[in-house]
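Undergrad: I would like to see how this sequence folds:
(3 chains)
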Amino acid sequence: MTARRAWEPPFIQPHRHDVSPFGRRGVDDDIQGAIAGVDIETLIDRWGSPLFVASEGRLRENVRRIREAFASRYPDVVHGWSYKTNYLGAICRILHQEGSWAEVVSAFEYEKARALGVPGPRILFNGPHKPRAILERASAEGARLHVDHLDELATIESIARDRGTVIPVTLRLNFDTGHTEPWSRFGFNIESGQAYEAAVRVKASPHLVLTGLHSHIGTFILEPRAYGEQVRRMAGFMAELEGEGHDAITSLDIGGGLPSRNALQGIYLPPEQAVPSIDSYAVAVCGALERAFADRPRERWPTLIFESGRAVVDDAVSLVASVVGTKRLPDGRRAVVLDAGVNSMLTALWYDHPVRLTRPVPGAPEETVLYGPLCMNIDVMRRQVRLPPLAVGDRLVFNPAGAYNNTQWMQFIEYRPAVALVGEDGGHSLIRAAETLEDVCRPERMPAHLQTGDGTR
Amino acid sequence: MNAPLPFDRGWRRWTVGITGMNAIPDNPGPGLAVARCLRAAGFDGRIVGLGYEPLDAGLYHGGLCDAAYLMPYPAVGAEAQRARLGEIQLAERLDFVIPCLDAELTTFVDNQAALRAMGIGSLLPDRRQLAARAKDNLVALCERLGLPVPRTKVATNPAFFDTCESDGWRFPLVVKGPYYDAAVARDPAEASRAFARIAAQWGYPVLVQEFVRGYEVNLTAIGDGDGGMIAPVMMRKRALTDKGKAWAGVAISDPELEALAAKLIEGLRWRGPLEVEAMRSDEGLYLIEINPRFPAWTYLTHGVGRNLPEALLRLAAGERLAEPVPPAPGVMFIRYAEELIVSPDSFRLIMVDGALNAAPAAAPSRPSRMFG
Amino acid sequence: MSTGTQRVLGELLAVGRLQAFAVSAKGFAFDPRTGQSFSINETGVRTLELLVETGDVARAVERLAADCEVPAEVVEGAVTAFVHQLGRYLA
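TA: Predicted structure coming up:
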């Protein structure tokens, strides 16, 4: 197998004046042979490639650090674990053990949180589609309902009326912070008066009571001041309502959107330079809260809820992929085909995930395109990354890869890979098995008249 | 402040790394002008040109640069920049570095302490000061310091331009990138095109600024880090290239501009070179941009007797600076193009080794790894 | 070996294009007729030498396969692609 290394097909590449051969040079000895202390080959031997690997230690450390950033600056803080970011049961369980509530956005997620044993009152129920049946269940179980539109409000009211009870609700708000593009399709707009109207509607109903305000300003927010402005706007709206005799608001939920150390496409500098520290967000949020509530007694400060997902889980999960083929593109770039593509790591469409080799590979690093296994042009894991000449069987580690992949991955022409967990004691276990033909076909049904026929006539 | 700068040798004999060696005639980087200022000030140490592209003219300018190296783009990150400067340092023993490009300031600022530990000094702002003057923070800064600034907003979506008039934004508008590039757009279609072009090259945020009718005035100076402004030089463009860059300019004396810059430097406690761009309109003076580096027209500072690159090195060397000579309004510069002759070997060395005329102490550590 | 590949090589050699191609040890190549410069990888530099020396694609493949301890059919495919690349760039 050593000759394989020495052989690289002959190649000639014309120079371009605007492309520096040194321009993309990073740090060449960027090797990662282990995840949380466990040799990657050991993990692949056990569960195959590609493989997602989660680090329990990193996950716990992340959530503690992020919660502490806020809790050390504000008296009453709740972290809601954003299920959609990664709702593998083991991941959720770890975060619930750490004291995080469940933040869910659909009937499925609600049911999953309950199945994991999360009590209703520790579930934050967001999302624009909550069918009546799940609202009936969630309200009976004491979950916090975050209302997205007036029709939903009417459904909740009718449930309460039927039961002869009062259901507390939180209104989702949207507004322009001046720093981010407003997500105006969710919740009630402040500037247009919709939010005020919704609050008046709640107040007028004998079956509803407004206890919370919620908003989510976007995703991968790189400007901490956007959160400061968000808090200022929410607290202003809260004071306006309270000033008009509405019931006291007991919680402010600022949503999520905190970035991880991933490289969002379209941001010039790498994450090390572009992504502010979690503390700078906590300073912006808690500083704005303190200013907003300076003139009221501490016991009347609302609970601060934040729903960070990406910043908690992203770098706690890696994706290990293996080279299955190599080629030269007609324009001269090296290309590599991997066994994992955007089917497993959909976020590669928006992020240039940092990637490392698991062991040193000799040879000159060059711009390389990393393709996945799909027969589709969009299946690109990295459009350009400097790597030495790779060969079949070489492994690459993508990290961060924990946010939105184990939930958005697709079963398109391939099986979804296994997910392993490296425990704090260095032990490793499977938390989701690789899919099999049986898994994929289980929900299918064959009508009687199609029971036979295999293409041979 | 780990390794002290070599005061014993005197700044005139330092080895100084300078970036911004690109010099496309209608839009040159500031590096060559900075190097010329140093030579004009009697600097006889070594100047090491640090370039990003193989046709950065300064790399081949033997009269100005004694050696030249290609650097990784700032987009690759601070670690890559540090690693490359570490390699260069083995050969060159740089005493000081003058970054001259907006896009690289963040990585140089983040690397300040690490470079100092390698023996490379610099005179730069800190991360907080750098961020405070960024284009998306300019309005907040000006509000804090009570300075007039045109209405500016971060635009994340070109759809903004279709509805912005209802929010009181009147065309023409100026669309700006986070580091470079600005375009005056007369209608939503032009603005959307500029938005797409700028976002594709420089990423986000893209800024939208109210257009101020009037003429542009510029000032360059050094902040001493304690709030003091050193040797301001002011200029008005007299003739523009197609890209809106000055190809001729004249030194002016505008006390209001000087006061505005002094207030900025004091308010930020700015450390290092900077350029202030302002618009003078019928209503007064508006700040439109602060660049954290010397401008391309830096050679005019030598022309008016306030050689700023020289002052920078003197300051770094701990010298007490003499009172600057009075500014000399009326002194002009006219930029012209000149061809450099580049030998095939020079171009080959830049392309293959990423280094030209490296000091003999040590060759670059991995010269041939770029190619198979 | 396809006769097409040998023909491309033959044409390049007949007009002296490959011989005039100045290649440095580190893989920097310059074509004096077009002014275009290139990077050539190590195998490419060696292949070019063999092509000029033997004037014969099959013999170059044979020697390269022996040098690199790689099966001749693997080398043949790669060298064919390389010769066609040369033909395109030096056309």
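Undergrad: now do the helices in the chain.
TA: Defaulting to chain A. Ranges of helices within chain A are A:2-6, A:40-47, A:56-71, A:89-97, A:107-115, A:132-140, A:150-163, A:194-204, A:224-243, A:271-274, A:278-292, A:310-313, A:405-408, A:437-441, based on DSSP state H.
Undergrad: switch to chain C, please.
TA: Shown for chain C, the helices assigned by DSSP H span residues C:3-14, C:17-20, C:42-54, C:57-68, C:72-89.
Undergrad: tell me which of those sits nearest to chain B.
TA: Shortest distance between chain B and the helices of chain C, using CB to the nearest CB, is found for helix C:42-54: 4.6 Å. Placement of C-beta: from N, CA and C, glycine included.
Undergrad: quick one: mean pLDDT over the closest one.
TA: Predicted confidence along helix C:42-54 averages 93 (mean pLDDT).
Undergrad: which helices and strands does it pack with?
TA: helix C:3-14, helix C:17-20, helix C:57-68, helix C:72-89 (3 or more CB pairs under 8 Å, 6 or more residues apart in numbering or on different chains; DSSP states H and E).
Undergrad: to residue B:310, which of the ones you listed lies closest?
TA: Taking CB to CB as the criterion, residue B:310 comes closest to helix C:72-89 out of the helices and strands packed on helix C:42-54, the separation being 48.3 Å.
Undergrad: wait, does that closest one contact chain A?
TA: Yes: between helix C:72-89 and chain A, judged by CB under 8 Å from any CB of the partner chain, the touching residues are C:74, C:78-79, C:81-82, C:85-86, C:89.
Undergrad: dump the helices and strands packed on helix C:42-54 into TSV; add mean neighbour count and mean pLDDT as well.
TA: Rendered in TSV, the data for those read as follows (neighbours: other CB atoms under 10 Å in any protein chain shown; pLDDT from 0 to 100):
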stretch	mean neighbour count	mean pLDDT
helix C:3-14	15	92
helix C:17-20	15	89
helix C:57-68	18	93
helix C:72-89	18	91
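Undergrad: would CSV of these with distance to chain B be doable?
TA: Output for those, formatted as CSV (distance: least, CB to the nearest CB, whole Å):
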stretch, distance to chain B
helix C:3-14, 21
helix C:17-20, 14
helix C:57-68, 13
helix C:72-89, 12
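Undergrad: would CSV of the ones you listed with distance to residue A:268 be doable?
TA: As requested, the helices and strands packed on helix C:42-54 are exported to CSV (distance: least, CB to CB, whole Å):
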stretch, distance to residue A:268
helix C:3-14, 43
helix C:17-20, 42
helix C:57-68, 42
helix C:72-89, 33
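Undergrad: do you know which of those lies nearest residue B:62?
TA: Using CB to CB as the criterion, the shortest distance between residue B:62 and these is 29.0 Å, found for helix C:17-20.
Undergrad: quick one: closest of the helices and strands packed on helix C:42-54 to residue A:95.
TA: Taking CB to CB as the criterion, residue A:95 comes closest to helix C:72-89 out of the helices and strands packed on helix C:42-54, the separation being 50.7 Å.
Undergrad: what residues does that closest one touch?
TA: Defining contact as CB atoms under 8 Å, 6 or more residues apart in numbering or on different chains, one finds that helix C:72-89 is touched by A:7, A:9-12, A:14, A:328, C:1-2, C:5, C:8-9, C:11-12, C:18, C:31, C:36, C:38, C:43-44, C:47-48, C:51, C:57, C:60-62, C:64-65, C:68.
Undergrad: thinking again about what came up before, out of the helices of chain A, deepest packed?
TA: Relative to the other members of the helices of chain A, helix A:310-313 carries the highest mean neighbour count by mean count of other CB atoms under 10 Å in any protein chain shown, namely a mean of 28.
Undergrad: who's in contact with that one?
TA: In contact with helix A:310-313 (CB under 8 Å, 6+ apart) are residues A:59, A:62-63, A:66, A:81-82, A:85-86, A:91, A:95, A:219-220, A:256-260, A:262, A:278, A:402-404.
Undergrad: which bits of chain A sit near chain C?
TA: A:3, A:6-15, A:21, A:328, A:364.
Undergrad: top of the residues you listed by neighbour count?
TA: For those, neighbours were counted by other CB atoms under 10 Å in any protein chain shown; the highest total belongs to residue A:10, with 26 neighbours.
Undergrad: in this structure it contacts residue C:41, no?
TA: Yes: with contacts counted by CB atoms under 8 Å, residue A:10 reaches residue C:41, the gap being 6.6 Å.
Undergrad: for residue A:427, find the nearest of the helices and strands packed on helix C:42-54.
TA: Nearest to residue A:427 among the helices and strands packed on helix C:42-54 is helix C:72-89; the distance by CB to CB comes to 43.3 Å.
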